[in-house]
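Q: dropping the sequence and predicted coords here.
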Amino acid sequence: MAKINGNEIRPGNVLEHNGGLWVAVKVGHVKPGKGGAFAQVEMKNLRNGSKLNERFRSADKVERVRLEQKDQQFLYETDGMLVFMDSETFEQVEIPADILGDRRPFLQDGMTIQLEYYESEALNASLPERVTCQIVETEPVVKGQTAANSFKPAVLDNGVRVMVPPFVAQDESIVVSTETMEYVERA
C-alpha cells in the first residue's frame, strides 16, 4: 500500500484510517488566515456505512488502499444474498444484497457488474451506468400536450417509479441512469 500526503487525498480514494477502510466522499482544501493549510475530508466507512469528517495537514501521511476490481456475472438472489460468478475462474461468490442500496432493483439476471475487493472481501459493487427497462404502467399520451418540461410518472418492470416525457407510452423500453435513477432516452 502507498502512503500519500494529506493534501493529495482526492474524492473516491480509499484510505486506511483508524483501523478501518474509508472512501473519501468530499475533499475541501482550507487555508486559514492563521496556521497551516489542511484538507477537510468527509469519509464513508466501506464496511458499515458510517461517516466521518477529518482534517489532514499536508505533513500527515495516510495509507491509500488499492481495491482489486473484478467483473462478475449476476446469477440469482437467495436469503438476502446476491450470488455472482467470476467470469474467468467460474467461482461463485455471495454478497449481501444491501451492498447495492437503492440501486438493487436495476440488477438484472445475467448482468455483468464490477465488484471491488480488498484482499478477499467484497466491499463495493457498481452497476453499469445505464440499464434498459420496460414501462409497465403510465398515463396515456394526451394529444396537444407540449414536450417542454412536462413529465409524467411511470412504473418500470422492476417496480421503480421514474418520470418520463409525455410521448413515452406503456410497454415501451427506455434507458434509465443507475446513478440518478432518471429517464435518459428511448431504447
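A: Now that the structure is in, tell me what you want to look at. The structure displayed is predicted, hence computed values, not measured ones.
Q: going forward, measure contacts between C-alpha atoms and count neighbours the same way
A: OK.
Q: isn't residue 169 right up against residue 138?
A: Yes - the criterion here is C-alpha atoms under 8 Å, and residue 169 meets it with residue 138 at 6.9 Å.
Q: higher neighbour count, these two?
A: residue 138 (20 against 17; other C-alpha atoms under 10 Å).
Q: burial of the residue lying closest to the more buried one once chain neighbours are set aside, as a residue count?
A: In space, and not counting its chain neighbours, residue 138 is closest to residue 154: 4.5 Å by C-alpha to C-alpha, 6 or more residues apart in numbering. Using other C-alpha under 10 Å, residue 154 has 23 other residues around it.
Q: which residues touch residue 154?
A: Residue 154 sits next to 135, 136, 137, 138, 139, 161, 162, 163, 164 when contact means C-alpha atoms under 8 Å, 6 or more residues apart in numbering.
Q: same thing but 6 Å
A: 137, 138, 161, 162, 163 (C-alpha atoms under 6 Å, 6 or more residues apart in numbering).
Q: now the residues you listed: which count as buried?
A: Among those, the ones that count as buried by 16 or more other C-alpha atoms under 10 Å are 137, 138, 161, 162.
Q: any chance of those in JSON lines, plus distance to residue 87, secondary structure and pLDDT?
A: Compiled in JSON lines, the buried ones among the contacts of residue 154 are given as follows (distance: C-alpha to C-alpha, whole Å; DSSP: H, G, I helix; E, B strand; the rest coil; pLDDT from 0 to 100):
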{"residue": "137", "distance to residue 87": "35", "secondary structure": "strand", "pLDDT": "91"}
{"residue": "138", "distance to residue 87": "37", "secondary structure": "strand", "pLDDT": "88"}
{"residue": "161", "distance to residue 87": "32", "secondary structure": "strand", "pLDDT": "92"}
{"residue": "162", "distance to residue 87": "32", "secondary structure": "strand", "pLDDT": "92"}
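Q: state the distance from the closest residue in space to residue 7 that isn't next to it in sequence to residue 65.
A: Counting by C-alpha to C-alpha, 6+ apart, residue 7 lies nearest to residue 58, which is 4.8 Å off, once chain neighbours are set aside. The gap separating residue 58 from residue 65 is 18 Å, by C-alpha to C-alpha, to the nearest Å.
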